[in-house]
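# need the 3D shape of this:
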Amino acid sequence: MLKWTAPWLLALAALPTLAQAQGLPLKTVTGGDVGIQVFGHTFDADRDGAFDMWLDSKKIGLAGSIAQVLEDDWHWGGEARMATGVTTFSSAARGSNSGNAETLTEFRLTLGRDFTAGQQVLAPYTGLGYRTVLSYLKGYTNAGYISPTRNGNLVYLPIGVIHRYSLGSDARLATTLEYDHLLQGTQKTHYTDIVGYVSDLSVTQKKGKGARLSVAYETARWSTSVFFHYWNIEESEVGTYANTTTVFSATEAHNISRELGIQIRYRFGQ
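Sure, this is the predicted structure:
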């Protein structure tokens, strides 16, 4: 999944050197940024260790954030991103197909505080996040089945820390490490996309965890970074869906989602 990102990384890494400024602070400042993300995204589902379903896509999208400094080095922030791409789908029960659109959207609010130690700053934070993935899987698989659209939503609690280290007056290195605790997830499989079905499967996911890691090279106006996002969601509670004659019971399988990519952002404000 990383091979295709290498040329992008080499190209983007050179861009921040075009716009450096003196006196780059280590502490959080009021302002914001906007940029582009390019990443690979996989979704692997299993039932008791046996393959159930797999999705693989390459996505590109926009990302942005804002921050406002409060008293005593406290600060709050907001983040948003939206990315889209084409995914390949494979299922143990229904075969595989490709060329399907998939969209990922995420919003976060955070509250944190800066702690200074010489040429570095630690900024622990927490908050609330919402993540949704919509997979437009309509169409026939190679086994002759119709693959229904899927929509997954996660509400979670992020707990993380940002470490900023001075690389001189013009640049800094920012490393972010985060643990994500799932508060609640919902997964909807639109079986009504298939002729003869009269209701969709909607299930609740109550157990799961995630993690994030990013390393960014930052100047006064530009930053480039490599990031990794991870989710591990346990099997859902039981839900039902139906065709014209039968009501079926089912769950969303245990699944692991991974994102690995790069981004470049332009910073505005102070």
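
# please name the residues that touch Gly95.
Gly95 makes contact with 141-145, according to CB atoms under 8 Å, 6 or more residues apart in numbering. In this view, the C-beta of every residue, glycine as well, is placed from N, C-alpha and C.

# what's across from it in the sheet?
Taking DSSP bridges as the rule, Gly95 bridges to Ser91.

# tell me what the residue nearest the centre of the chain is bridged to.
Note on the chain: the residue nearest the mean C-alpha position is His229, at 5.9 Å, using CA atoms, centre = their mean. Counting by DSSP bridges, His229 is bridged to Arg212, Glu259.

# with Gly32 instead?
Ile66, Phe268.

# I'd assumed Gly269 was in contact with Val29.
Yes: if you go by CB atoms under 8 Å, Val29 and Gly269 touch, sitting 6.8 Å apart.

# if we can go back for a sec, turn the contacts of Gly95 into CSV, including pLDDT and secondary structure.
Formatted as CSV, the contacts of Gly95 follow (pLDDT from 0 to 100; DSSP: H, G, I helix; E, B strand; the rest coil):
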residue, pLDDT, secondary structure
Thr141, 89, coil
Asn142, 89, coil
Ala143, 87, coil
Gly144, 85, coil
Tyr145, 85, coil
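
# can you pick the most crowded of the residues you listed?
Thr141 (18 neighbours; other CB atoms under 10 Å).

# other SSEs contacting the helix or strand in which Asp44 is found?
Using DSSP states H and E, Asp44 sits in strand 31-47. Judged by 3 or more CB pairs under 8 Å, 6 or more residues apart in numbering; DSSP states H and E, the packing partners of strand 31-47 are strand 50-69, strand 74-91, strand 222-233, strand 254-269.

# in JSON lines: those, plus mean pLDDT and distance to Ile36.
JSON lines is the format used below for these (pLDDT from 0 to 100; distance: least, CB to CB, whole Å):
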{"stretch": "strand 50-69", "mean pLDDT": "97", "distance to Ile36": "6"}
{"stretch": "strand 74-91", "mean pLDDT": "97", "distance to Ile36": "9"}
{"stretch": "strand 222-233", "mean pLDDT": "98", "distance to Ile36": "11"}
{"stretch": "strand 254-269", "mean pLDDT": "96", "distance to Ile36": "6"}
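
# Val29 and Gly269: which is more packed in?
Neighbour count, other CB under 10 Å: between Val29 and Gly269, Val29 has more, with 14 against 11.

# report the separation between the more buried one and Leu173.
Distance check for Val29 against Leu173: by CB to CB, to the nearest Å, it reads 17 Å.

# in the protein, which helix or strand is least confident?
Lowest on mean pLDDT, DSSP states H and E among the helices and strands of the chain sits helix 6-13, with a mean of 48.

# from one end of stretch 211-227 to the other, what's the distance?
By CA to CA, to the nearest Å, the extent of stretch 211-227 from end to end equals 11 Å.

# next one: the residue nearest to the centre of the chain from Asp46, what distance?
20 Å.

# tell me which of the helices and strands packed on strand 31-47 sits nearest to Val215.
Shortest distance between Val215 and those, using CB to CB, is found for strand 222-233: 5.6 Å.

# and stretch 251-270, how far from the chain's centre?
Computed by CA atoms, centre = their mean, to the nearest Å, the chain-centroid distance of stretch 251-270 equals 3 Å.
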